[in-house]
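Novice: I'll drop the sequence and a predicted model, then ask my questions.
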Amino acid sequence: MRIYPTFFRLVFSGMDPELAHRIGFDLIRAAARTPAGPVLRRLMRPSAVLRTEALGLTFPSPFGLAAGFDKEGSGIAALGNLGFGHVEVGTVTAQAQPGNAKPRLFRLVEDRAVINRMGFNNDGAAAVAPRLAKARKSLTKAFGDPHPVIGVNIGKTKTVDLADAVADYLASARELAPYADYLAVNVSSPNTPGLRLLQDISSLRPLLAQVGSAADEAAGRHVPLLVKIAPDLTDADIDDVAELALSLQLDGVIAVNTTVTRENLVTDPERVIACGVGGLSGAPLKKRSLEVLHRLHARLGQDGPAIISVGGVETAADAQERLDAGAALVQGYTAFLYEGPFWAARINRGLARSARRAAKG
């Protein structure tokens, strides 16, 4: 199972990262359509000891795939076969858009990191919605109960003015909420001009309040609502988000998105500069992600809105550290690119060992 890092080094490392991602995702989806699909599902299925209650939902594992890998809901069931307890689709925007000009995805292999300025490239909410509906049926049929949870991450269409951002988010929420197990509002990507300004509490409060109401109305049920924040917020800003989450009775906070900083990297600085602007993800984000988690948990409390911790998670030990620090759920993404298709199952096995040890006292 550890053959993939060698395969990555020999095959994918010299390939354009976006092309490698597309090929890898195509292979995962293709495998799901063959007799290997049910075999993978059975072998990778998380242990029952990992069943987790969060957001009013039942997750087969606390470990899931962060938004960014499956931007358009085209491979949810296939990714579920690999052991992810949830798959967060997106970021999806109300209108289809091509994203930023290529190249827009860069690997920093020495740092086990990635820089991206994708720019929310996706097919738009109206095209994604029926894929989510189909995936919900497929997951129920293939996995029974519990099955991998579908999260949907929504963002602002680039061409929409900030003054009209709320209406844009509402359009996505109404289209997608009926098929989402939970909805995440992304106001923290650095790759859509002006988007992070929506993290200001005066803008964020009405946005979240209206999206939550619209989602519940469209779905005819309560759709758990979360907000995804940046690691570059000040501690005071994080405290404000926590206070807002409590006052609005949000279901959770996802912490954190990618960072615009380039600190503590071992990659040659000239190579980093050559990559240009964009969000940095992967191992270098671990320290800050943990800091934000600790601060949020201290302010939200054990019984407050759930925290989904993401950023720099590579191993079962990393995931367990987040759970021990107060995260209800944990996500990863960048390490998936470096570790390959058995990564989630490997983390689940490690988490299951920890759970059994804890049960024995």
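Specialist: On my side now, so go ahead. Computed from a predicted model, the values in this text were never measured in an experiment. Numbers count the residues shown, from 1 in each chain.
Novice: tell me the centre residue of this structure?
Specialist: Ala66 (1.9 Å; Cα atoms, centre = their mean).
Novice: is it true that that residue touches Gly90?
Specialist: No - assessed by Cβ atoms under 8 Å, Ala66 is found out of contact with Gly90, at 9.8 Å. All C-beta spots, glycine's among them, are computed from the backbone N, C-alpha and C.
Novice: need the contact list for the residue nearest to the centre of the chain.
Specialist: Glu88, Val310, Gln331, Gly332, Tyr333 (Cβ atoms under 8 Å, 6 or more residues apart in numbering).
Novice: kindly report the same for Ala129.
Specialist: So Ala129 contacts Glu175, Leu176, Pro178, Tyr179 (Cβ under 8 Å, 6+ apart).
Novice: tell me which stretches of the chain form strands.
Specialist: Per DSSP state E, the chain carries strands over the ranges 52-54, 57-59, 63-65, 86-92, 105-108, 113-116, 149-154, 182-186, 225-229, 252-255, 279-282, 306-310, 329-332.
Novice: dump those strands into JSON lines; add distance to Leu195 as well.
Specialist: Shown next, in JSON lines, are the strands of the chain (distance: least, Cβ to Cβ, whole Å):
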{"stretch": "strand 52-54", "distance to Leu195": "27"}
{"stretch": "strand 57-59", "distance to Leu195": "27"}
{"stretch": "strand 63-65", "distance to Leu195": "22"}
{"stretch": "strand 86-92", "distance to Leu195": "10"}
{"stretch": "strand 105-108", "distance to Leu195": "19"}
{"stretch": "strand 113-116", "distance to Leu195": "14"}
{"stretch": "strand 149-154", "distance to Leu195": "12"}
{"stretch": "strand 182-186", "distance to Leu195": "8"}
{"stretch": "strand 225-229", "distance to Leu195": "11"}
{"stretch": "strand 252-255", "distance to Leu195": "15"}
{"stretch": "strand 279-282", "distance to Leu195": "11"}
{"stretch": "strand 306-310", "distance to Leu195": "18"}
{"stretch": "strand 329-332", "distance to Leu195": "20"}
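Novice: between the ones you listed, which gets nearest to Gly124?
Specialist: strand 86-92 (7.4 Å; Cβ to Cβ).
Novice: which helices and strands does the closest one pack with?
Specialist: strand 63-65, helix 76-80, helix 125-143, strand 149-154, strand 182-186 (3 or more Cβ pairs under 8 Å, 6 or more residues apart in numbering; DSSP states H and E).
Novice: and those as CSV, adding distance to Val39 and mean pLDDT?
Specialist: Putting the helices and strands packed on strand 86-92 into CSV (distance: least, Cβ to Cβ, whole Å; pLDDT from 0 to 100) gives the following:
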stretch, distance to Val39, mean pLDDT
strand 63-65, 20, 98
helix 76-80, 13, 96
helix 125-143, 12, 96
strand 149-154, 23, 98
strand 182-186, 29, 96
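Novice: so for Gln95, which of these sits nearest?
Specialist: helix 125-143 (8.0 Å).
Novice: that closest one: which residues count as buried?
Specialist: Within helix 125-143, the residues that count as buried by 16 or more other Cβ atoms under 10 Å are Ala125, Val128, Ala129, Arg131, Leu132, Ala135, Arg136, Ser138, Leu139, Ala142, Phe143.
Novice: out of those residues, which is nearest to Arg41?
Specialist: Looking across the buried residues of helix 125-143 and measuring by Cβ to Cβ, the closest to Arg41 is Ala142, at 6.4 Å.
Novice: relative to Ser189, how far out is that closest one?
Specialist: Using Cβ to Cβ, to the nearest Å, we find Ala142 at a distance of 32 Å from Ser189.
Novice: hmm, back to that, now render the contacts of Ala66 as JSON lines, adding distance to Leu250.
Specialist: Shown next, in JSON lines, are those (distance: Cβ to Cβ, whole Å):
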{"residue": "Glu88", "distance to Leu250": "16"}
{"residue": "Val310", "distance to Leu250": "17"}
{"residue": "Gln331", "distance to Leu250": "17"}
{"residue": "Gly332", "distance to Leu250": "23"}
{"residue": "Tyr333", "distance to Leu250": "22"}
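Novice: for Gly90, give me its contacts.
Specialist: Ala67, Gly68, Lys71, Asn122, Val152, Asn153, Ile154, Gly155, Ala184, Asn186.
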